[in-house]
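Asker: Predicted model and sequence below, questions to follow.
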Amino acid sequence: MANTIIGSTIVIDGEITGDEALYIQGTVKGRIALEESLYVEEGGEVEADIETQNVEISGNLTGNITATERVEIKETGRVVGDVKSPRILIADGAVFKGHIDMEV
Amino acid sequence: MADNGTVIGENIRITGHVSGEEDLTVFGWVEGTVELSQSLHVEPSGIIKANVSVATAVVSGVVVGNITASEAVELLQGGRMVGNIIAPRVVIADGAAFRGHIDMGEVDAPEASASSSRARSSRPASTRRQPSRPAVAPARPAARPAARAKDPAPAEPAKAVEAKPSKAEAEAKSSPAKSTKAPAKVEEVVAAPVKASGRKKKASAKEAAAES
């Protein structure tokens, strides 16, 4: 029950912070800062700068991502923005436009 | 879990504008504005600092801000709210804390809203010395909404129990000394469902006393 879900008809314009997993099926604009995992699910629309531990994207995301652990763009995912993370996975079929920094 | 709408977890904080067409359950913190076509549930751990516009709001947590509901607002036990409520139905349960104004809309014709606001502003100054009829009358509509809101639940049990005590009361009146046992029991029974209305009566009595 600890998970937070932003449902498909919900629109949030602002800032989300916290330290638990966040699932986005709806629309979020602004900024997201988590000490946990962020899941942008299919149908999810995110237009935000993101700072988290893990990000898993199956929906649309526009903005810069800074993850301390891992960023995964799934096959249905679409990302426009710069990604900075030690581990980055881009699945076959995913769409990505931007810069990647793995801190090499 | 995704079946019943959106959940804002206990450790999540949202600042900004939240809108949507589904139920929103808040265990965490939301600050800004909330606009929903469905219901908002503020759970005991939830904190809302926002102006809220929803169909129904059920508050067991904390709300600071105004709530405009097209259907109902329920302030449950443990719920705490500071702000104004505009809703056709407002329920404030025993154990809830509330400070603010309640507007249930067309209570008693259009004059009700005007006169109640007049009563509010004039009560501290003038009504004490001039317990004139018109001053007292408008105060009543203000008190009534709360009464009506509470009625749906306690109304039936109260009625059901009232039938019994009438007999017991008669006994009590006829023999006040030995009656201690029976009415005590009855009182207990009565106390539970009627508690709310009893307190309400006290409140209105107080109000009346203040006015006279």
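Answerer: Okay, I see it.
Asker: need the residues of chain A near chain B, please.
Answerer: Neighbours of chain B within chain A, by C-beta under 8 Å from any C-beta of the partner chain: A:1-23, A:25-26, A:30. Where you see a C-beta, it was placed from the backbone N, CA and C, and this is true even at glycine.
Asker: Now restrict the residues you listed to buried residues only.
Answerer: The neighbour count (16 or more other C-beta atoms under 10 Å in any protein chain shown) marks A:3-18, A:20-23, A:25-26, A:30 as buried among those.
Asker: Which residue does chain A have closest to chain B?
Answerer: A:Gly14 (1.2 Å; C-beta to the nearest C-beta).
Asker: On the three-state scheme, that residue is what?
Answerer: Recorded secondary structure, A:Gly14: strand (DSSP: H, G, I helix; E, B strand; the rest coil).
Asker: in the chain, what spans have low per-residue confidence?
Answerer: Let's take chain A. Chain A contains residues with pLDDT under 70 at A:1-2.
Asker: hmm, I had chain B in mind actually
Answerer: B:1-4, B:107-212.
Asker: show me what contacts A:Gly63?
Answerer: A:46-50, A:80-81 (C-beta atoms under 8 Å, 6 or more residues apart in numbering or on different chains).
Asker: following the helix or strand hosting B:Thr68, which helix or strand comes up?
Answerer: Following DSSP states H and E, one finds B:Thr68 within strand B:67-75. Later in the chain than strand B:67-75, the nearest helix or strand by DSSP H and E is strand B:80-82.
Asker: Run me through the strand neighbours of that next one, direction for each.
Answerer: Strand B:80-82 has the following strand partners under DSSP bridges: strand B:62-64 (parallel), strand B:97-99 (parallel).
Asker: export those strands to CSV and tack on mean neighbour count?
Answerer: Formatted as CSV, those follow (neighbours: other C-beta atoms under 10 Å in any protein chain shown):
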stretch, mean neighbour count
strand B:62-64, 22
strand B:97-99, 14
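Asker: Kindly export the strand holding B:Thr68 (C-alpha atoms) in PDB.
Answerer: Extracted C-alpha coordinates of strand B:67-75, given in PDB (Å, rounded to 0.1, in the frame of the first residue of the first chain):
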ATOM      1  CA  ILE B  67     -13.400  22.500   0.100                       C
ATOM      2  CA  THR B  68     -16.000  23.000  -2.600                       C
ATOM      3  CA  ALA B  69     -17.900  19.800  -3.200                       C
ATOM      4  CA  SER B  70     -20.700  19.300  -5.700                       C
ATOM      5  CA  GLU B  71     -22.100  16.500  -3.600                       C
ATOM      6  CA  ALA B  72     -20.900  16.000   0.000                       C
ATOM      7  CA  VAL B  73     -18.100  16.600   2.400                       C
ATOM      8  CA  GLU B  74     -17.600  14.100   5.300                       C
ATOM      9  CA  LEU B  75     -15.300  14.900   8.100                       C
END
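Asker: For the residue of chain A closest to chain B, give the beta-bridge partners.
Answerer: A:Gly30, B:Gly16.
Asker: what about it, distance to A:Ser8?
Answerer: 18 Å (C-beta to C-beta, to the nearest Å).
Asker: Noted, bye for now.
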